[in-house]
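>>> Need coordinates for the following:
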Amino acid sequence: MPLILCIETATDVCSVALERDGLLLAIAQSDEPKSHAGTVTIFIQQVMNESNLNLSQIDAVSVSKGPGSYTGLRIGTATAKGLCYALDKPLIAINTLHSMTSYLIHFYRLETLNLKPETLFAPLIDARRMEVYTAVFNNLLNEISGTKAEIISENSFTELLNENKIIFFGDGVDKCKQVLSVNPNADFVNGFKTSARGMMSLSERVFAEKKFEDIAYFEPFYLKDFVGSKPMI
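Okay, here's the model as predicted:
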């Protein structure tokens, strides 16, 4: 029964959870934008204190690896790697879109959406303009369509939507809803926020399979190169 510290900083939500054997021991999270650097270590200490445990007792650190916010991913990764180095613990990395879907399926009440076994799930992480980071999963969390950056148009997801109901969710939903809702097979979950809870079962599976990252060389899954503002001349 591994004790795993899960760190989620890929979106505006900063979330830290401590779990053992699929059970949530403690969680701390905030959706205040651009607060990750100042809160993630505080949240780590908070969940350890609430659980009456010490960091030396954890068996692994799991981090949400992206895609997502460039700055958020760097903060989460640096924190996770620092803990792994200091404590001599293995590093686990979980795809953020996979984690989002796990959280939606396992922790959200979706009865009102009239789900069928063939229903698919498409997490949407807001990127620039009409672009999102997305993938498509089935209800067993198997990947149907791989992670990609998608510019949303009336042709997005058409092939899958013609055959299946798809549940869209995440912080990219609002800007995509008007375009995607023309298809009757498109449904939307409003107000969904990422959480380290979604990483729990996925992290345990990786731990059991011992598919750990190389701490020295691991980098977040940025998907796209960082685009900053132009320097002032």
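>>> With the flanking residues excluded, which residue is spatially nearest to the spatially most central residue of the chain?
Among the residues of the chain, the one closest to the centroid is residue 96, at 2.8 Å (Cα atoms, centre = their mean). The shortest distance from residue 96 to any non-neighbouring residue, by Cβ to Cβ, 6 or more residues apart in numbering, is to residue 10 (4.2 Å). Placement of C-beta: from N, CA and C, glycine included.
>>> Secondary structure of the one you found: a strand, I assume?
No: the assignment for residue 10, made by DSSP: H, G, I helix; E, B strand; the rest coil, is coil rather than a strand.
>>> can you count the residues close to it?
Neighbour count of residue 10, defined by other Cβ atoms under 10 Å: 33.
>>> on that earlier part again, hang on, isn't the residue nearest to the centre of the chain packed against residue 125?
Yes: counting by Cβ atoms under 8 Å, residue 125 is a contact partner of residue 96 at 6.9 Å.
>>> Which residues belonging to the helix or strand hosting residue 80 are considered buried?
Assigned by DSSP states H and E, residue 80 belongs to helix 70-87. Neighbour-count burial for helix 70-87, counted by 16 or more other Cβ atoms under 10 Å, picks out 70, 72-77, 79-81, 83-84, 87.
>>> how about those residues in a markdown table, adding distance to residue 215 and pLDDT?
Converted to a markdown table, the buried residues of helix 70-87 look like this (distance: Cβ to Cβ, whole Å; pLDDT from 0 to 100):
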| residue | distance to residue 215 | pLDDT |
| --- | --- | --- |
| 70 | 20 | 94 |
| 72 | 20 | 96 |
| 73 | 16 | 97 |
| 74 | 15 | 97 |
| 75 | 16 | 97 |
| 76 | 14 | 98 |
| 77 | 10 | 98 |
| 79 | 13 | 98 |
| 80 | 9 | 98 |
| 81 | 6 | 98 |
| 83 | 10 | 98 |
| 84 | 5 | 98 |
| 87 | 11 | 98 |
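>>> a markdown table for those, including distance to residue 33?
Compiled in a markdown table, those are given as follows (distance: Cβ to Cβ, whole Å):
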| residue | distance to residue 33 |
| --- | --- |
| 70 | 14 |
| 72 | 10 |
| 73 | 15 |
| 74 | 16 |
| 75 | 13 |
| 76 | 15 |
| 77 | 19 |
| 79 | 18 |
| 80 | 21 |
| 81 | 24 |
| 83 | 24 |
| 84 | 27 |
| 87 | 30 |
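>>> between those residues, which is closest to residue 194?
The closest of those to residue 194 turns out to be residue 72 (Cβ to Cβ; 10.1 Å).
>>> thinking again about what came up before, among the buried residues of helix 70-87, which one lies nearest to residue 188?
The closest of the buried residues of helix 70-87, once distances to residue 188 are taken by Cβ to Cβ, is residue 72, at 23.7 Å.
>>> Fine by me, thanks again.
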